[in-house]
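Enquirer: next input, structure requested:
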Amino acid sequence: MRGHRGQSPHSLILLTALLLASTLAQAQTGPCVVPGRGYFRIHVGTGGLFGAFAHDHRIEAQKVEGCAVIDSRDLTHSSIKLTFPAASVRVMDPNESEKDRATVQQNMEKDVLGISQFPRIVFESTSLEMGSGPSQLKVHGNLTIRDKTQPVVIPLTFKRLADGTYQADGKYNFKQSSFGIKPIQLAGGTVKVKDELESEFELFLK
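Expert: Numbers count the residues shown, from 1 in each chain. Modelled structure (predicted):
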């Protein structure tokens, strides 16, 4: 017996399976983070006896990779995974000298992030819920730094722009000690980097 238009049932089943696989693959691969657009910054404060005389630091993740699966009918069924290559995290500190920035960068790479042993920082969502406003979301997920994973809830504003690009922006505070990181102390302990860090981000996905 032949199928529709002379095709065998087996060929029809194979064609259907290939179309379904293609559809599922497309659903799992986009939209993705647009390189070079937006930012992800971390503000590092200082305290201690002479903390008021020390400089706070501004750090930026200059490379963010990842894609989302977005259900436009119900955003709570969406998901996202982001990866931050640790080697791309840079100390900016515009008011510091190049030498001082290099020193802070070295301390961060070696003592804080340990980039040779832990090359990636990863965030992966586990669930989403709507926030207080129509464009507000709370993203539940797991944040992994130095191979230590902690559950987090990140509030953000999420919207679709006229060109079809998705924009997400928000702020999130976290403690270094939650990931097994001991905050750095300088000048014999009289200047201490604060345990709690403030991050702010604006990401675009297309």
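Enquirer: measure the residue positioned nearest the centre of the chain to Ala162 for me?
Expert: Nearest residue to the geometric centre of the chain (Cα atoms, centre = their mean): Leu82, 4.6 Å. Noted for Leu82: a distance of 24 Å to Ala162, by Cβ to Cβ, to the nearest Å. Placement of C-beta: from N, CA and C, glycine included.
Enquirer: can you tell me the helix or strand for the residue nearest to the centre of the chain?
Expert: Element membership of Leu82, judged by DSSP states H and E, is strand 79-85.
Enquirer: adjacent strands (with direction) for that strand?
Expert: Taking DSSP bridges as the criterion, strand 79-85 forms sheet pairs with strand 65-69 (antiparallel), strand 120-130 (antiparallel).
Enquirer: right, and the helix or strand after that strand?
Expert: Next helix or strand after strand 79-85 toward the C-terminus (DSSP H and E): strand 89-91.
Enquirer: how about the residue nearest to the centre of the chain: what's its closest non-neighbour residue?
Expert: Gly66 (3.8 Å; Cβ to Cβ, 6 or more residues apart in numbering).
Enquirer: so who does the one you found touch?
Expert: Taking Cβ atoms under 8 Å, 6 or more residues apart in numbering, we find Gly66 in contact with 32-33, 80-83.
Enquirer: got a ChimeraX select line for the buried ones in the residues you listed?
Expert: Buried residues among the contacts of Gly66 (16 or more other Cβ atoms under 10 Å), as a ChimeraX selection:
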select :33,80,82,83
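Enquirer: can you redo the contacts of Gly66 as JSON lines with distance to Thr103 and pLDDT?
Expert: Compiled in JSON lines, the contacts of Gly66 are given as follows (distance: Cβ to Cβ, whole Å; pLDDT from 0 to 100):
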{"residue": "Cys32", "distance to Thr103": "35", "pLDDT": "98"}
{"residue": "Val33", "distance to Thr103": "31", "pLDDT": "97"}
{"residue": "Ile80", "distance to Thr103": "35", "pLDDT": "97"}
{"residue": "Lys81", "distance to Thr103": "34", "pLDDT": "98"}
{"residue": "Leu82", "distance to Thr103": "29", "pLDDT": "98"}
{"residue": "Thr83", "distance to Thr103": "27", "pLDDT": "98"}
